[in-house]
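Visitor: kindly return the folded structure for what I paste below:
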Amino acid sequence: MAKYSDWVRLRKPLEKMKPATISEVLLLEDGDKLLEGCHTNFFTVCLKKNCHFEGENSHAGGVWASYEVQTAPLQDSVLPGVIRKLVIEICISKGITVREVSPSWSAHETWEEAFITNSVRLVQHVVRIQAPKPWTSLHSKVWEEVSWEEKQFKACMNKEIIEIAHVEGYLLVSV
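Guide: This next block holds a predicted model:
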């Protein structure tokens, strides 16, 4: 379960130790499945041939046929964000495949892009994700003492989603 009663207690030390340059802490299940952020829903974009497939919830078709958007399914206890739902609807309406499956960190090298959504940030490009390596290093109290594995991204699809939303009358902006 993504956000349960211990979630509040467990996230506090992470948020206290994160530097000011880090805008969000992502929640994982089993140290591999990215569920959502503390305040956001999380999406990845990858080429279909490179995607790590798990689960069956998908929507397919269109000009973006070689790409796939992944976001954790609601049955993984993520919050059903309004902007999450809007992004999924826009992707489906434009033929962009959406798979509601928790993106796997073990497949992060195949991700082309990542973005987060919520009703305040709307759609925000993720520049970089840092994951502790090994996970046991998170017991440290200082960010600099943790060994990090990093994935960096270029923005592309989130800009497209914002443009499509604008054309269809939604007032979304990237922050």
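Visitor: please count neighbours and contacts with C-alpha atoms only from this point.
Guide: Will do.
Visitor: and the helix or strand harbouring Leu86, what does it pack onto?
Guide: Assessed by DSSP states H and E, Leu86 sits inside helix 82-93. Contacts defined by 3 or more C-alpha pairs under 8 Å, 6 or more residues apart in numbering; DSSP states H and E place helix 82-93 against strand 97-100, strand 111-118, helix 157-167.
Visitor: lowest mean pLDDT across these, which one is that?
Guide: Of all the helices and strands packed on helix 82-93, the minimum mean pLDDT falls on helix 157-167 (a mean of 68).
Visitor: now the helix holding Leu86: buried residues?
Guide: In terms of neighbour count (16 or more other C-alpha atoms under 10 Å), helix 82-93 has its buried residues at 83-84, 87-88, 90-92.
Visitor: out of those residues, which is nearest to Ser119?
Guide: Nearest to Ser119 among the buried residues of helix 82-93, counting by C-alpha to C-alpha, is Ile83 at 6.1 Å.
Visitor: correct me, but that closest one touches Leu122?
Guide: Yes: at 6.4 Å, Ile83 counts as touching Leu122 under the criterion of C-alpha atoms under 8 Å.
Visitor: so which helix or strand of this structure has the lowest pLDDT on average?
Guide: Lowest on mean pLDDT, DSSP states H and E among the helices and strands of the chain sits strand 58-59, with a mean of 48.
Visitor: ok, then the element right after that one?
Guide: strand 67-71.
Visitor: parallel or antiparallel, list what pairs with that next one.
Guide: strand 41-47 (antiparallel), strand 97-100 (parallel) (DSSP bridges).
Visitor: re earlier: relative to strand 41-47, how tilted is the helix holding Leu86?
Guide: Interaxial angle, helix 82-93 versus strand 41-47 (axes from the mean of the first three to the mean of the last three C-alpha atoms, to 10 degrees): 30 degrees.
Visitor: what distance separates helix 82-93 from the middle of the whole chain?
Guide: Taking C-alpha atoms, centre = their mean, to the nearest Å, one finds helix 82-93 lying 14 Å from the centre of the chain it belongs to.
Visitor: and the angle from it to strand 111-118?
Guide: 130 degrees.
Visitor: model confidence over helix 82-93, on average?
Guide: Per-residue pLDDT over helix 82-93 has a mean of 91.
Visitor: many thanks, we can stop here.
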